[in-house]
Structure formats: structure tokens, C-alpha cells
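>>> Give me a model of this one.
(chains A, B, C and D)
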2 protein chains.
Amino acid sequence: MSDTKSPVHEQVYHTLKSQILFGDLVPGQPVTIQGLADALDVGMTPVREAIRRLISDGALVFQGNRRVSVPLISDSDIDQMKFARSSIESELSRRATPNLSPADIDELERIDQCLDSMIADGDINGYLRLNHAFHKALYAHAHAPILRDLAERLWLRFGPSLRVVSGRFGTQSMPDRHKDIIAALREGDANKAALATAQDVEQGMELMIGALASA
Amino acid sequence: MSDTKSPVHEQVYHTLKSQILFGDLVPGQPVTIQGLADALDVGMTPVREAIRRLISDGALVFQGNRRVSVPLISDSDIDQMKFARSSIESELSRRATPNLSPADIDELERIDQCLDSMIADGDINGYLRLNHAFHKALYAHAHAPILRDLAERLWLRFGPSLRVVSGRFGTQSMPDRHKDIIAALREGDANKAALATAQDVEQGMELMIGALASA
DNA sequence: CAGCAAAAAATTTGATCATATTGTGGCGTG
DNA sequence: CACGCCACAATATGATCAAATTTTTTGCTG
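Numbers count the residues shown, from 1 in each chain, chains lettered A, B, ... in the order given. This is a model prediction of the structure:
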């Protein structure tokens, strides 16, 4: 079940990462080391290490007085992430395009079809997971680990807030330029894939700005 | 002397960060937890936390088998960083431009003059510190903490390798578009400042590609 | 006497360390 | 050259100390 080979702090890190991206951690919610250590039934040293890593990722914030919590993000934050994601993720799509085999694209399309059914069902968690899976699978083919890390880091930042937004407005309103992306990939048109990705990203971020404004 | 208010793991983090950017840590060099704990005369828990953070920053790499070392970077890495730095740092310059007072620009110019004297003296460490200080001071005015973090993270990645390159070729060959940047800032021309920054960044990264090719 | 405010005690949580345990790489021997 | 033993470094825990928050108590005022 749990990967017995990887060290505990690694497992804790991935557990928390999933919780942040897809779990129930709400922006602003405090996170306690001892609470996590008890909940996961491990010592506090591994929890500490995982938390430091996540703070460095921007997935958690250090509140000054020794307190750690899930970040609340501002309009300015979203604006910055919109720029950074748009730049980096469109480049990832551009670089991935020539490396994708037809079978790879089929796989992406399969993920996207699952995603559509999640949207139809209003399954927010499923939507979030598969949307992430789609982008992650695409970017894996860019063979650009540094750019991918930068992108992944940004996802960790806006993950919890995106979940709140999705929860408030439902999955219907979420952006989905994935069809455009897939079409561009099939044509082997890297620039078109990059553009479609940028639009997907920007629509997502704009939705968040609107949602936070009405909060 | 040492900031008694901040926790030890924080101090260790900043100490290591400086060592990585300006110190004697060579790419490929292994880093041991106990070695650092002994050297800094602290327990290993804080050292562990600092190291996890730096790994997340990309400033150190986890070698799989419990080994941690200073990263060796490839041509592809530099290419990715060239793209990411160029995008992000030019945007930081663009955003900083309208926020800079004449006094702020004077301050930047002062840093750049110091930098020139370091180049003249062939003082590599001084060059690295002041080059970093120049960019950091400029980006601080962009009021874009997320973009700044992304940029800072990238500096940590290429820092050790840049030092090696500087050491091999001397400070004469290092790029310096700072005069162009300052001129654009004085004109209040954000796009020109962004362009000059992109050129500064790209020249730096290209120098590294050349240097690593001849290694 | 009631209500509020400030101070003090208690509880909770974080930070650090010392120590036990486990896994890895190196070295010698068959 | 392979196999097993040894030393060292990393991992993880629990204990201990310090800091902060919360709760309780106390004292003052209306």
C-alpha cells in the first residue's frame, strides 16, 4: 500500500501535497505540527521536514508567530500567477508538442474525456484531480524538469483557493481549452498548443479573480 | 551578531543560502547533515529542515540514496532557466519601473558602480554579491512577491555554477546590461527596462552554456 | 452585586537536542 | 569477483525546554 521504500518524511510530504491540492484544507486554515504527527501517527521530525518543504513551495505559509497555515491569496497574487503560469506552462506545451506520439495524445484525450464526465456529474474533486492530471501528463513530455517544477510549485499555491472557487461556482463554469490543446497537438503545431494552454491558464486565473472579488 | 529572534533552522537556511550563492560550495560537492551540524554547532533537526527547504528550492539535490549534494547543471537546465529567468525577471523589471523614485535609481546606480570596481579588481565574490544585490534591489520594487520568489529560486539553482564559470573566465567577460537598465528606469520606460533585463539575463545564461561546453 | 479588564496560571504547540534504529557504501576475505 | 562484515551517515522518536495562546482568577469600577 504505502511505499515502504521511501522515507517517512517523503510520504508525509506527498500526503500533505495531495491534501492541499485535492483535500479539505481550506485557505486560512491553521496547520499544526503535532496535530499532523498524531493524525499520521509519525514523529514530528518528518512532519517538520515536510512542512518546511511545503512552505518553500508556497503551499503553506509561515505566519510569523510560529504558526503555519494554508495561504489566502490576493488579487495581486493571482495576477502574478496568471503571468507566470501563462509564460511557463505555454512553453511547456510548446516543448512537449514534438515529443508526443499519437498514443500519448490518445492518453491525454482519455483523461480529458474522464474530466468531462466529472464536470457533467459536478464532481469537484474528480474535476480537480483530472485537470491536474491532464496538465501534468502533458508537461511530462516537455523534458524540462526545471520548468515543470516551477509550474508544479504554482499549482500548489493556488490549489486550495481553486478548490474553494470550484466549490462555490460548480464545475460548469470551469475553463476547458483542452480540446483546443489536443487538436493543436495532433496537428503538431507547437505554437497553437502553447496559445491554447495560455488561454486555458488565463481563463482559470481570471475566474479566480472574479470569485475572490465576490467573496 | 546573529539574530537571536529567528529560530535556528532559519539561520541555518540563510547561512547555507549564502554559502551556495557566494561561498565555496562547488557543484557536485556532497553535503552531509552531520557535517553541517558539527560545523555550525547546532543539532541536526534544524539542519535537516534547512536542507529540505533548499532541496525544494533546487539549491541542493537529493541523490536518491540518502545523499545530498550541490547540483551539477546541464545544457538543458541552463536553457530552461534562460527562458524562465528571461520571462520572469523582465516582468519584474517592467513592474518595478513605475515604482522607482529617483533616489531608488541612484541607489541602484551606486550598487552598479561598486560592481564595476569589483569587475576592475577581478573580485569574483564581490562581483557575484553585488550583481545579485542589484537585481534583488530592483525586483524588490516590483511588489510581486510570488514572481520574486520564482526568480530567487532560479538564482539558487545556477548560483554555484555561475561562480565556477566566473572563476574560470574572470569577471571581465561577465555581461552587464545594468547601464541600459538604469537608463531605461530613468526614462520611466518599462518595456525598455524589461528588454534590457532580458538581455542581461540571456547573456549570462549563454555565457554559462559556452563555459560548460568547454568543461 | 454585576460586569469588565487585566494579570496570572495552565494548556497547547513549537523548537531543539540526544539517542536509538535502520539502511548504504566501502573494505577485506574467501 | 562475489559475498558478508563493519563503519558511518541518515532517519525517526521521545524527551525537554521555551514561547504563545487560552482560560481562569482576581480586582476594580459603576
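
>>> and the residue nearest in space to the middle of chain A, what does it touch?
Computing the C-alpha centroid of chain A and ranking residues by Cα atoms, centre = their mean puts A:W155 first, at 3.4 Å. Neighbouring residues of A:W155 by Cβ atoms under 8 Å, 6 or more residues apart in numbering or on different chains: A:21, A:132, A:135. No exception for glycine: its C-beta is placed from N, CA and C like everyone else's.

>>> Apply 6 Å and report the result again.
A:W155 makes contact with no residue, according to Cβ atoms under 6 Å, 6 or more residues apart in numbering or on different chains.

>>> name the element it belongs to?
helix A:145-169 (DSSP states H and E).

>>> Can you give the domain ranges for chain A?
Listed domain ranges for chain A are A:8-69, A:75-213 (source: automatic domain parsing).

>>> give the contact list for A:D57.
Here A:D57 is in contact with A:153, A:156, B:56 (Cβ under 6 Å, 6+ apart).

>>> Give me every residue in chain A lying close to DNA strand C.
Contact residues (Cβ under 7 Å from any atom of the strand) of chain A with DNA strand C: A:31-35, A:44-45, A:48, A:66-68.

>>> tell me the two of the residues you listed that are most distant?
Distance extremes for the residues of chain A next to DNA strand C: the farthest pair is A:T45 and A:R67 at 19.0 Å, using Cβ to Cβ.

>>> Skipping its backbone neighbours, what lies nearest A:I146 in space?
B:Q80 (4.2 Å; Cβ to Cβ, 6 or more residues apart in numbering or on different chains).

>>> can you give me the helices in chain A?
Using DSSP state H, the helices of chain A run over A:8-22, A:33-40, A:44-57, A:75-96, A:102-121, A:124-140, A:145-169, A:178-187, A:190-213.

>>> excluding its backbone neighbours, what's nearest A:N125?
Closest to A:N125 by Cβ to Cβ, 6+ apart is A:F22, at 5.9 Å.

>>> got the contact list for the one you found?
Neighbours of A:F22 in contact, by Cβ under 6 Å, 6+ apart: A:125, A:128-129.

>>> Of the residues you listed - the most surrounded one?
When neighbours are taken as other Cβ atoms under 10 Å in any protein chain shown, the top entry among these is A:L128 (21 neighbours).

>>> Tell me where chain A is predicted with low confidence.
Applying pLDDT under 70 to chain A flags residues A:1-5, A:171-173, A:175, A:213-215.

>>> The closest residue to A:L60 other than its chain neighbours: how many residues sit nearby?
Once flanking residues are discounted, A:L60 sits nearest to A:L54: 4.5 Å by Cβ to Cβ, 6+ apart. Using other Cβ under 10 Å, A:L54 has 24 neighbouring residues.

>>> can you check A:D176 too?
A:D176: 18 neighbours (other Cβ under 10 Å).

>>> picking that back up, can you pull the buried residues of the helix holding A:W155?
Residues of helix A:145-169 classed as buried: A:145-166 (neighbour count, 16 or more other Cβ atoms under 10 Å in any protein chain shown).

>>> sorry, back to before: need the winner for burial among the domains of chain A.
Per residue and on average, the most neighbours among those fall to domain A:75-213, with a mean of 19 (mean count of other Cβ atoms under 10 Å in any protein chain shown).

>>> one step back: which one of the domains of chain A lies closest to B:V61?
So among the domains of chain A, domain A:75-213 is nearest, using Cβ to Cβ, at 10.8 Å.

>>> Could you give the separation of the closest one from the chain centroid?
Mean C-alpha position of domain A:75-213 versus that of the full chain (Cα atoms, centre = their mean, to the nearest Å) differs by 8 Å.

>>> now A:N99: how far from A:I111?
Separation of A:N99 from A:I111 (Cβ to Cβ, to the nearest Å): 17 Å.

>>> Contact partners for A:Q29?
Residues near A:Q29 by Cβ under 6 Å, 6+ apart: A:V70.

>>> could you redo the last one with a cut-off of 7 Å?
Contact partners of A:Q29, counting by Cβ atoms under 7 Å, 6 or more residues apart in numbering or on different chains, are A:69-70.

>>> Would you tell me which residues of chain A are close to chain B?
A:45, A:48-49, A:52-53, A:56-58, A:77, A:80-81, A:83-84, A:87-88, A:91, A:144, A:146-147, A:149-150 (Cβ under 7 Å from any Cβ of the partner chain).

>>> As JSON lines, the residues of chain A next to DNA strand C with distance to A:R186 would be great.
Putting the residues of chain A next to DNA strand C into JSON lines (distance: Cβ to Cβ, whole Å) gives the following:
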{"residue": "A:V31", "distance to A:R186": "43"}
{"residue": "A:T32", "distance to A:R186": "49"}
{"residue": "A:I33", "distance to A:R186": "48"}
{"residue": "A:Q34", "distance to A:R186": "52"}
{"residue": "A:G35", "distance to A:R186": "48"}
{"residue": "A:M44", "distance to A:R186": "50"}
{"residue": "A:T45", "distance to A:R186": "49"}
{"residue": "A:R48", "distance to A:R186": "47"}
{"residue": "A:R66", "distance to A:R186": "52"}
{"residue": "A:R67", "distance to A:R186": "49"}
{"residue": "A:V68", "distance to A:R186": "45"}
